[in-house]
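Participant: The sequence isn't on hand, but the structure is:
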């Protein structure tokens, strides 16, 4: 999917296909050109790792906070559109960890249509936002050099988006795709055969395809 077009239309960022274990609060480097990156020299992995480095929370508390970020409820996303369709004429690759592997098996040109439907989201709760904001304010006051040098210029994931995936392919490659689905371990919900095409619907596999990010220095609870 074309990154700039997707960003402008949905105010979201596509998640690079190599990343599966994404949770809210994870820090992101968002370059002016190209994909967001989850590593950058000196940048902590997660906002709560930064708070550990600043001695605002103990290492023993870190997993508790990370579990809270990981186990946020999955709810219906309030998007203007119920489905998000990838323009296959513009797509250079499919930005999804599981479907990206499938693309490698059958080739992107074999896919006639690719959409995300039944879109769900995990978002930071108001309480968690306030907690993070309090820690950030304390970090600014007591550890400005660490705050300025490590996290002030980076972004943080505050919402993650998931969706059932629908592919329409040419019927001639059905057997090839069926074999690839078994190899990759996709959870097939439905397959509808038509005269010239086959429509597959896969579960979201609890793997997000998009995220909303906020700059740390502008974040508030």
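Facilitator: Here it is on my side, so go on. Treat the numbers as computed from the prediction; the structure is a model and nothing was measured.
Participant: From the rest of the structure, what touches stretch 135-154?
Facilitator: 27-30, 40, 42-44, 47, 50-51, 53-57, 215-217, 219 (CB atoms under 8 Å, 6 or more residues apart in numbering). Heads up, the C-betas are built off the backbone N, CA and C, glycines and all.
Participant: Mind listing what's buried along the lengthiest helix in the chain?
Facilitator: Ranked by residue count under DSSP state H, the longest helix found in the chain is helix 126-142. Buried positions in helix 126-142, judged by neighbour count with 16 or more other CB atoms under 10 Å: 128, 129, 131, 132, 135, 136, 139.
Participant: I figured residue 157 hits residue 216, correct?
Facilitator: No - counting by CB atoms under 8 Å, residue 157 stays clear of residue 216, with 11.1 Å between them.
Participant: intersection of neighbour lists for those two?
Facilitator: residue 27.
Participant: Which secondary structure state does residue 214 sit in?
Facilitator: strand (DSSP: H, G, I helix; E, B strand; the rest coil).
Participant: Could you count how many residues lie near residue 37?
Facilitator: Per other CB atoms under 10 Å, the neighbour tally for residue 37 reads 14.
Participant: how about it, phi and psi?
Facilitator: phi -120, psi 150 (degrees, to the nearest 10).
Participant: same question, residue 171
Facilitator: phi -60, psi -30.
Participant: For it, which residues are in contact?
Facilitator: Residues in contact with residue 171 (CB under 8 Å, 6+ apart) are 193, 194, 195, 196, 197, 198.
Participant: between these, which has the most around it?
Facilitator: Most surrounded of the contacts of residue 171: other CB under 10 Å gives residue 198, at 19 neighbours.
Participant: Please, which helix or strand holds it?
Facilitator: Using DSSP states H and E, residue 198 falls within strand 197-202.
Participant: for residue 161, same thing?
Facilitator: strand 155-170.
Participant: quick one: strands adjacent to that strand?
Facilitator: Strand 155-170 has its sheet partners listed here by DSSP bridges as strand 27-28 (antiparallel), strand 111-123 (antiparallel), strand 197-202 (antiparallel), strand 210-215 (antiparallel).
Participant: Between all of the buried residues of helix 126-142, which two are at the greatest distance?
Facilitator: Farthest-apart pair in the buried residues of helix 126-142 is 128 and 139; separation 16.3 Å (CB to CB).
Participant: Next, the contact list for the residue lying closest to residue 130 once chain neighbours are set aside, please.
Facilitator: Leaving aside its chain neighbours, residue 130 sits nearest to residue 221 (3.7 Å; criterion: CB to CB, 6 or more residues apart in numbering). Residue 221 makes contact with 126, 129, 130, 131, 132, 133, 134, according to CB under 8 Å, 6+ apart.
Participant: Cool, thanks, talk later.
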